[in-house]
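[1] Quick one, fold the following:
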Amino acid sequence: MDENLVVQYLRDHPNLIEDYIVSDEISNETFERWSVRRNIKFKKYKKPSTGTPVVGPWNDLDLSMKRRVILETSDNRTRILYEITQCCGQLIGTNSVELIVQNDEGAFSCRKTEDGELKLKKVKTTKSADYIQTIVNAGNQTIGEIHFYTQLDQTEKSIVNAVCTWAAAANYFSELYTHKNVASDSQDIHENIAKQRKLSNFLLDVARSIFHDIVSMDAVIIKVMNFAQKLVDADRASLFLVDAKNKQIYARIFDVGTGDEEHVRVNSEGQKEIRFDMSKGIAGHVASTGDGLNIENAYEDERFNQDVDSKTGYTTKTILCMPILIRGIVIGVVQMVNKHNGAFTRQDEDAFEIFAVYCGLALHHAKLYDKIRRSEQKYRVALEVLAYHSVCNADEVNKLKKIEINNRIVELETIDFNGMRLSELEKPLYAVYMFKSLFSDYLRFETDDLIRFVLTVRKNYRRVAYHNWAHGWSVAHAMFATLVNSPEAFTKLEALALYVSCLCHDLDHRGKNNAYMKTMSTPLAAIYSTSVMERHHFNQTVTILQQDGHNILKSLSSEEYKQTLSLIKHCILATDLALFFSNKAKLNVILDKGEFDINRQEHRLLTQAVMMTGCDLVASAKPWNIQTETVKVIFEEFYDQGDAERLSGKDPIAMMDRNQAHLLPQMQVGFMRGICMPCYELIARIFPKADKMRERCEYNAKKWEELAEEQKEKQEAKGNTNGQSA
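    Presented below is the predicted three-dimensional model:
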């Protein structure tokens, strides 16, 4: 049919075309498209007045349908650009918009066909538009233009610009996933997204692992180190925390076999840690500046300490050292060593920077958790102590003050003195006397303060079988006798610390050893990681000294006071038998080499520690009758612990098992020969006057050996009798 004849027919019958257009045959979208094309051609379209917006799917409150369309066609750049064009037009209230797509072949007008497909038509020249909004890709190249054939005000232009900015991001992800529109760099793009996915999955694992189980700072540190090692494929990883106050970096999780033993210290909580000055080393540089370091050859960097490699035989080649920050402040440094495949890359640095955000949050929360947990445990212990103890009252002080005793009690000056025969009133009276005898000429103190201190110390010993006030007094007496007979051995300040330490060394003892405290997960074990009870004893000592009217050290200068408290802590911790063996070994080596010098601080501290052990074990160097009576109460306390362990479903060791009481002499022989005798032999090498303690201990050890042999013979005879009866 001739096109001209059809056009002429429609002109002659205008009602026909009108009836057809308004019928169901023509969709609203098709009608709108025709209208837009007509308006564009004749430029007669005007935006509707305010309050009569152009109706379209992008004006709906529910955009779920549009969201679904975009997700389903996310690999189609043209479709995304078309939807952006429609969105812009409908948001500002006009259908007079046209999408021009740009590619290597030129510019194309985009329109939608009857069946919903998008059709591109190449245009040589574009019509004159009132406003053109360009859409660019990640490389800032124009990939499309939206032509508006109507005037836009500044607000409308801002809306269009914002929408198209997001369109650029949408196009970027479209290119990552499509094969049709990506050129020769397709492989690089897909490798990049694979890496991003891997990093995202890795960080998800980090978040799940670290934040799901923040039980302690150490647990988080271990996880951070493990994840850091995996993230950059390193052979080793270390994490140092920053001590800003002391300008140091330190680590609690480390291998002492790395050759850094000389830097290992025990902190105030009994934890081993390694510390370095922030002004030194690679990690120190990163901690000080907050700038990461990527070192391809460690031995060429003057900040690298080669001594560690020399001692361990390990060869450090490459190092990536990165900071962990919270609110712009460096709180830690992670040092990763020896990437398995070449040197650390820029990608490793970028990945770690993202990872460090998680590390910072985890470490921050772990630190808070540790503080809260420790505070809770300290609160529980404090309540328990307050419920059990109290300070002495004025009547007790006045009662003790009224009793007069001789200026010198000679019998107290010998180790053989039997404190068991003293009354409850005489023990604190003699404790005050011993303090005055030793320090009246050196230390200014008020007698009332001294009496209050001693009586409150007595109150803070529990009524357990052995580690009670009587034991504390006995140990203090042993130190008194030693100091009286060897006044030149220690300075007055050291003697003061030694005597106070002995008197207080088992304050608030519960009749259970450190192993029990840890096994039963007691609050004290949660507060202190090593020497649990000894650290508690020291803290109780400080607490009593801080009570009003109890500070017998208040006349000391600030420096003397700090020094005395430090010595008291050292001495009380030395009563942990677990530390005796290393102290003994060190001191024996020094003596065997002939290098012992009592004026050297290290040698003095070791001597004081061994002296504390000797006084703590003084019952083994007492006359035989005192020794046997003491052993009875010691084992009664042991058996009480064993009973408690058995009630908890645990089998006690033989020493704690009352069912093995017949083995007591044999076990006592092992204790005397393995601990007591070596202790007094060592003390006698330093202080010959103390040889009497070694001799008495040797005598008692032989007596226990005789009893052990008798017990063995009885058991064998009993066994033979039972065998004959059978």
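
[2] check contacts around residue 475.
    If you count contacts by CB atoms under 8 Å, 6 or more residues apart in numbering, residue 475 has them with 502-503, 505-506, 615-616, 618. Heads up, the C-betas are built off the backbone N, CA and C, glycines and all.

[3] Repeat that for residue 706.
    When contacts are taken as CB under 8 Å, 6+ apart, residue 706 is in contact with no other residue.

[4] Report the separation between it and residue 113.
    Distance from residue 706 to residue 113, counting by CB to CB, to the nearest Å: 114 Å.

[5] With residue 232 instead?
    53 Å.

[6] can you check residue 66 too?
    Separation of residue 66 from residue 113 (CB to CB): 19 Å.

[7] Just name the shakiest helix or strand of the chain by mean pLDDT.
    None of the helices or strands of the chain scores lower by mean pLDDT, DSSP states H and E than strand 264-266, at a mean of 42.

[8] strands paired with the helix or strand just after it, and their directions?
    Downstream of strand 264-266, the next assigned helix or strand under DSSP states H and E is strand 272-277. Looking at strand 272-277 with DSSP bridges, its partner strands are strand 248-251 (antiparallel), strand 264-266 (antiparallel).

[9] Could you list the alpha-carbon positions for strand 272-277 in CSV?
    Included here for strand 272-277 are C-alpha records, laid out as CSV according to Å, rounded to 0.1, in the frame of the first residue of the first chain:
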residue,chain,number,x,y,z
LYS,A,272,55.6,-12.2,81.1
GLU,A,273,56.1,-9.5,78.5
ILE,A,274,58.8,-8.2,76.2
ARG,A,275,59.4,-4.5,76.0
PHE,A,276,61.3,-2.1,73.7
ASP,A,277,61.8,1.6,73.6
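
[10] Can you mark which positions in it are buried?
    273-276 (16 or more other CB atoms under 10 Å).

[11] would you list the residues you listed in CSV and tack on distance to residue 240 and pLDDT?
    As requested, the buried residues of strand 272-277 are exported to CSV (distance: CB to CB, whole Å; pLDDT from 0 to 100):
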residue, distance to residue 240, pLDDT
273, 10, 71
274, 9, 81
275, 9, 83
276, 8, 83
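
[12] In the stretch 451-600 of the chain, what residue spans correspond to helices?
    Assigned helices in the stretch 451-600 of the chain, in chain order: 469-485, 492-504, 514-519, 523-527, 532-545, 558-573, 577-592 (criterion: DSSP state H, counting those that start in this stretch).

[13] Pull out the buried residues from the last one.
    In terms of neighbour count (16+ other CB under 10 Å), helix 577-592 has its buried residues at 579-580, 583-584, 587, 590.

[14] What are the contacting residues of stretch 530-539?
    By CB under 8 Å, 6+ apart, the residues outside stretch 530-539 that reach it are 266, 270-271, 381, 504-510, 513-514, 517-518, 524-525, 527-528, 568-569, 572-573, 575-576, 578-579.

[15] how distant is it from the center of its chain?
    Taking the mean C-alpha point of stretch 530-539 and that of its whole chain, the gap between them comes to 22 Å (CA atoms, centre = their mean, to the nearest Å).

[16] And it, what's buried?
    Neighbour counts using 16+ other CB under 10 Å place 530-539 of stretch 530-539 among the buried residues.

[17] what sits against the nearest residue to residue 586 once chain neighbours are set aside?
    Taking CB to CB, 6 or more residues apart in numbering as the measure, residue 586 lies nearest to residue 606, with 5.9 Å between them; neighbours along the chain are not counted. When contacts are counted by CB under 8 Å, 6+ apart, residue 606 touches 583, 586-587, 590.

[18] Kindly confirm my reading that residue 606 is in a helix.
    Yes. Counting by DSSP: H, G, I helix; E, B strand; the rest coil, residue 606 falls inside a helix.

[19] Can you tell me the element the closest residue to residue 653 other than its chain neighbours falls in?
    By the measure of CB to CB, 6+ apart, the closest residue to residue 653 outside its immediate chain neighbours is residue 642, 7.8 Å from it. Secondary structure from DSSP H and E places residue 642 in helix 624-647.

[20] after that helix, next one along is what?
    From helix 624-647 onward toward the C-terminus, using DSSP H and E, the following helix or strand is helix 664-671.
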